[in-house]
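Peer 1: Fold the stuff below for me.
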Amino acid sequence: MPALWIAHVTVTDAEAYGKYAELAGPAIAKHGGSFIARGGKFVQLEGKERARNVVAKFPGVEAAVDCYNSPEYQEALSHAKDASERELMVVETSE
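Peer 2: Next up is the predicted model:
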């Protein structure tokens with residue numbers, strides 16, 4: 001079953017986070033992920049609002065988790081850790 005990688009982000013250091021974004025995209029694509037939404041208009045109905053929301057679709061939960069744990073993504077993530085506040089989850093779809 002396909003899975004969605006859903007991130008809610010508040011960027012605190014735009015320059016460092018830019019480096020994360022530059023590296024994360026290719027890492028996600030390498031693991032079969034494609035972006036459905038990156039930023040854009042949103043309406044927060046419940047919970048903590050984050051200015052940036054990203055959704056990527058992967059072939060399955062395992063592919064998304066493998067991407068997260070990959071050396072390429074971990075290198076990208078090293079630029080985001082002190083440059084943002086984030087929540088990230090992977091959810092299997094019902095497709």
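Peer 1: give me the number of residues near T93?
Peer 2: Using other Cβ atoms under 10 Å as the criterion, T93 is surrounded by 12 other residues. Every C-beta, even on glycine, is put in place using the N, C-alpha and C of the backbone.
Peer 1: for S84, that is, sorry about that
Peer 2: Using other Cβ under 10 Å as the criterion, S84 is surrounded by 20 other residues.
Peer 1: That one: what's it in contact with?
Peer 2: For S84, the residues meeting the contact criterion (Cβ atoms under 8 Å, 6 or more residues apart in numbering) are V9, T10, V11, T12, D13, Y17, Y20.
Peer 1: Look up how far K41 lies from the fourth one.
Peer 2: Distance check for T12 against K41: by Cβ to Cβ, to the nearest Å, it reads 22 Å.
Peer 1: between these two, who's got more neighbours?
Peer 2: T12 (12 against 6).
Peer 1: so how far is A63 from that one?
Peer 2: In terms of Cβ to Cβ, T12 sits 29 Å off from A63.
Peer 1: again, but for P71
Peer 2: Between P71 and A63 the distance is 16 Å, computed by Cβ to Cβ.
Peer 1: higher neighbour count, these two?
Peer 2: Here P71 and A63 are compared on neighbour count by other Cβ under 10 Å; more neighbours surround A63, at 19 against 8.
Peer 1: Would you list the phi and psi of that one?
Peer 2: The phi and psi torsions at A63 (degrees, to the nearest 10) take the values phi -60, psi -40.
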